[in-house]
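**Q** give me a model of this one.
(chains A and B)
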Number of protein chains: 2
Amino acid sequence: MLTFYSKILETAVNEIAKLPGIGRRTALRLALHLVNADPNEVETLALAITELKSSLKICKCCFAISDHDVCEICANSKRNPNIICVVQDIRDMIAIENTSQYSGVYHVLGGVISPVDGIGPAQLKLQELFHRIENNSVEEVILALPSTAEGDTTNFYIYKNCVGKTAKISLLARGVGVGEELEYINEITLGRSLLTRVSFEMQYGRVIS
Amino acid sequence: MLTFYSKILETAVNEIAKLPGIGRRTALRLALHLVNADPNEVETLALAITELKSSLKICKCCFAISDHDVCEICANSKRNPNIICVVQDIRDMIAIENTSQYSGVYHVLGGVISPVDGIGPAQLKLQELFHRIENNSVEEVILALPSTAEGDTTNFYIYKNCVGKTAKISLLARGVGVGEELEYINEITLGRSLLTRVSFEMQYGRVIS
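**A** Below you'll find the model as predicted:
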């Protein structure tokens, strides 16, 4: 355990070290960087951090983090409100947004069903998803949850509750990652990519488009 | 480049990503942690960061970061003010403090002479060191700079300017690290540790003490 002779420095290091994945040595490095940094930079950082808590809202519609009551995506008239992509968290939503391949809206569950971690359907925004589907003319629900046992469980749960209430329930394609070598892919993925093979035109049309 | 649809989140991520060694993905992870964190924790972190800039001072005597005009070490009457340990920065000073083997005071240079990086003697607190040595009855100057070409250059520069003005100028011992296997040590270190070998009693006295 490092000890310091400055209370102010020690407090800052302790607070920074509470962040996930940041140890005390890294915290000290960051704190000393801030000590030597431009005062404006430090002020802006502190303000930006405070704003995260004081000003950010949760979108009433999709439960994403938002600057307003309704997020920019839900409020955007160019987005198709009848296609809903279900994600576990904001990070996955940002990842999908950054593909520039999606023009529908989202629904942020806040996690996936995981009895081991004490997360059941009630802890997630699942009822809200079902209400959205029942009360609107939703054409397609795209399940974009992680490809894990917990993700699969959640997929099945949503499917069971939504089947018949929406025209289409789809899943992200599972298969060979673009740029991946076949020899390093696990057998389940490779086997599934063979079973769910797509036409040449469809595959290259999507990648090149 | 990740894009976001929330200005507040984007600002926070951009600010956090300015910190050294933190990329945008890590910054996003930290920002989302703060969004979900306890409001008090976020407030305390922001305050601690602001305080680093607004409240920290530089010790008038040794140029270390300090809560007061004179740091706790320089102000401590139990520390011997006549032994000065010269370090490049606060981190090295904290590392030495944490050995609990030193009861003298420090002098923080703010770096080492490195013409490649445009750091000459004038950019460092060298004149201040020489004044300290001239104006006080300093018994020993311990050079605890990194064992690099730049550290060596700085050591020689200090030696040249201080020799004769203080009773003793010493260097941290270079040699085999405690717990290190001989086969993995570079030849220069191993060769030097042989040339500067110490008596059995002195070595074990120091380690066990």
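
**Q** is it true that A:Tyr106 touches A:Ile65?
**A** No. Checked against Cβ atoms under 8 Å, the pair A:Tyr106 and A:Ile65 is beyond contact range at 11.3 Å. Quick note: C-beta positions are derived from backbone N, CA and C, even for glycine.

**Q** neighbour count winner among these two?
**A** Applying other Cβ atoms under 10 Å in any protein chain shown to A:Tyr106 and A:Ile65 shows that A:Tyr106 carries more neighbours, namely 28 against 24.

**Q** other SSEs contacting the strand ranked longest in chain A?
**A** Secondary structure of chain A per DSSP state E: the longest strand is strand A:80-87. Applying 3 or more Cβ pairs under 8 Å, 6 or more residues apart in numbering or on different chains; DSSP states H and E, we find strand A:80-87 packed against helix A:90-97, strand A:104-108, helix A:126-135, strand A:140-143.

**Q** quick check: mean pLDDT of it?
**A** Computed over strand A:80-87, the mean pLDDT rounds to 94.

**Q** cool, and stretch A:25-41?
**A** Stretch A:25-41 shows an average pLDDT of 91 in the prediction.

**Q** list the buried residues in it.
**A** Residues A:Thr26, A:Ala27, A:Leu28, A:Arg29, A:Leu30, A:Ala31, A:Leu32, A:His33, A:Leu34, A:Val35, A:Ala37 are the ones in stretch A:25-41 that count as buried (16 or more other Cβ atoms under 10 Å in any protein chain shown).

**Q** same question for stretch A:193-203.
**A** Buried residues in stretch A:193-203, counted by 16+ other Cβ under 10 Å: A:Ser193.

**Q** now do the helices in chain A.
**A** Here chain A has its helices, by DSSP state H, at A:7-16, A:24-36, A:39-54, A:72-75, A:90-97, A:126-135, A:149-162, A:187-195, A:200-208.

**Q** who are the contact partners of the one residue sitting closest to the centre of chain A?
**A** Closest residue to the average C-alpha location of chain A: A:Asp92 at 2.6 Å, with Cα atoms, centre = their mean. Residues in contact with A:Asp92 (Cβ atoms under 8 Å, 6 or more residues apart in numbering or on different chains) are A:Ala144, A:Pro146.

**Q** I'd like the distance between it and chain B.
**A** 11 Å (Cβ to the nearest Cβ, to the nearest Å).

**Q** ok, A:Glu183 next?
**A** Between A:Glu183 and chain B the computed distance is 28 Å (Cβ to the nearest Cβ).

**Q** how much space between that residue and B:Tyr159?
**A** 60 Å (Cβ to Cβ, to the nearest Å).

**Q** then A:Leu30?
**A** Relative to B:Tyr159, and taking Cβ to Cβ, A:Leu30 is found at 34 Å.

**Q** of A:Glu183 and B:Tyr159, who's got more company?
**A** Ranked by neighbour count (other Cβ under 10 Å), A:Glu183 and B:Tyr159 place B:Tyr159 first, with 13 against 6.

**Q** so the more buried one is in contact with B:Ile169, correct?
**A** Yes. Taking contacts as Cβ under 8 Å, B:Tyr159 lies within contact range of B:Ile169: 5.7 Å.

**Q** mutual contacts of the two, please.
**A** Common neighbours of B:Tyr159 and B:Ile169 (criterion: Cβ under 8 Å, 6+ apart): B:Leu143.

**Q** okay, now the unreliable bits of chain A?
**A** Along chain A, the model assigns pLDDT under 70 to residues A:1-3, A:203-209.

**Q** rewinding a little: redo the helices and strands packed on strand A:80-87 as TSV? Include distance to B:Glu128.
**A** Below are the helices and strands packed on strand A:80-87 laid out as TSV (distance: least, Cβ to Cβ, whole Å):
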stretch	distance to B:Glu128
helix A:90-97	49
strand A:104-108	56
helix A:126-135	64
strand A:140-143	65
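
**Q** do you know how far A:Thr148 is from chain B?
**A** According to Cβ to the nearest Cβ, A:Thr148 stands 19 Å off from chain B.

**Q** counting neighbours, what do you get for that residue?
**A** As a burial measure, A:Thr148 scores 11 neighbours (other Cβ under 10 Å).

**Q** once you drop chain neighbours, what's closest to it?
**A** Spatially, and ignoring its direct neighbours in sequence, A:Thr148 is nearest to A:Val112 (7.5 Å; Cβ to Cβ, 6 or more residues apart in numbering or on different chains).

**Q** distance of that neighbour from A:Thr154?
**A** From A:Val112 to A:Thr154 the distance is 4 Å (Cβ to Cβ).

**Q** those two: which is more packed in?
**A** Set side by side, A:Val112 and A:Thr154 show more neighbours around A:Thr154, with 25 against 21, by other Cβ under 10 Å.

**Q** surely that one meets A:Leu109?
**A** Yes. At 7.2 Å, A:Thr154 counts as touching A:Leu109 under the criterion of Cβ under 8 Å.
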